[in-house]
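Asker: coordinates only, sequence not included:
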């Protein structure tokens, strides 16, 4: 079976992804404030909802974006692959969160920094993997795909935030921060959700390419 034609991302596509990320931030903060006012500051279900919206809300929008692109047909793009990867990575933090609570872990302690990390970054990890698969399918060999990955600004930016965010979360938790309200939960997740960085790099790359052509 012939492989679908593939193309690099465009500025318009990544601009859409940036808008989706901002919408997730706003929705998460609004939900956090609302739950606090209802007296649900430490509700586990409330934290799940706040972290999902603030950390992964854009993944839903980006998944819809990817699905819409497939319905339109035409060549596959890096932005589309990125969107599918983020959508597929959403469920993992739910399992991590539930398992941590089930074994009695103090989710407000510094050691639990990995919970907001996975809410903020599991979709980014999925996007990074999906982006690499996109490059592999468009390349003649694994070596070529790895070289293209290492030279691709969006993929490198994605890898950088995946590695940097857990360090930042750990430092902040050790410094005394604890998500003891839903608003603090939302703020922690928003701060950790640097998923806007790779799309921004893609948008800047597309603009630079347009100027030079």
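Answerer: Received the coordinates, thanks. Just so it is clear, the model here is predicted, and its values are computed rather than measured.
Asker: Which parts of the chain are strands?
Answerer: Counting by DSSP state E, the chain has strands at residues 6-7, 76-77.
Asker: Least confident of the ones you listed, on average?
Answerer: Among the strands of the chain, strand 6-7 has the lowest mean pLDDT, at a mean of 43.
Asker: Now for residue 42, how many residues are close by?
Answerer: Residue 42: 15 surrounding residues under other C-beta atoms under 10 Å. C-beta coordinates here come from the backbone N, C-alpha and C atoms, glycine included.
Asker: Could you pull up phi and psi at the closest residue to it other than its chain neighbours?
Answerer: Nearest residue to residue 42, sequence neighbours excluded (C-beta to C-beta, 6 or more residues apart in numbering): residue 180, at 6.8 Å. Backbone geometry at residue 180, expressed as degrees, to the nearest 10, gives phi -80, psi 0.
Asker: Thought residue 36 was touching residue 180, still the case?
Answerer: No - the pair formed by residue 180 and residue 36 falls short of the contact definition of C-beta atoms under 8 Å, at 10.3 Å.
Asker: Looking at those two, which is more packed in?
Answerer: Comparing residue 180 with residue 36 by other C-beta under 10 Å, the one with more neighbours is residue 36, at 19 against 11.
Asker: Tell me which residues touch the more buried one, please.
Answerer: 181, 182, 183 (C-beta atoms under 8 Å, 6 or more residues apart in numbering).
Asker: burial measure for the closest residue to the first one other than its chain neighbours, as a count.
Answerer: Once its chain neighbours are removed from consideration, residue 181 has its nearest residue in residue 41; the separation is 4.5 Å (C-beta to C-beta, 6+ apart). Counted by other C-beta under 10 Å, the residues lying close to residue 41 total 18.
Asker: How much space separates residue 41 from residue 178?
Answerer: 12 Å (C-beta to C-beta, to the nearest Å).
Asker: Neighbours of residue 190, how many?
Answerer: Neighbourhood size, residue 190 [other C-beta under 10 Å]: 22.
Asker: what's the offset of stretch 32-39 from the middle of its chain?
Answerer: 25 Å (C-alpha atoms, centre = their mean, to the nearest Å).
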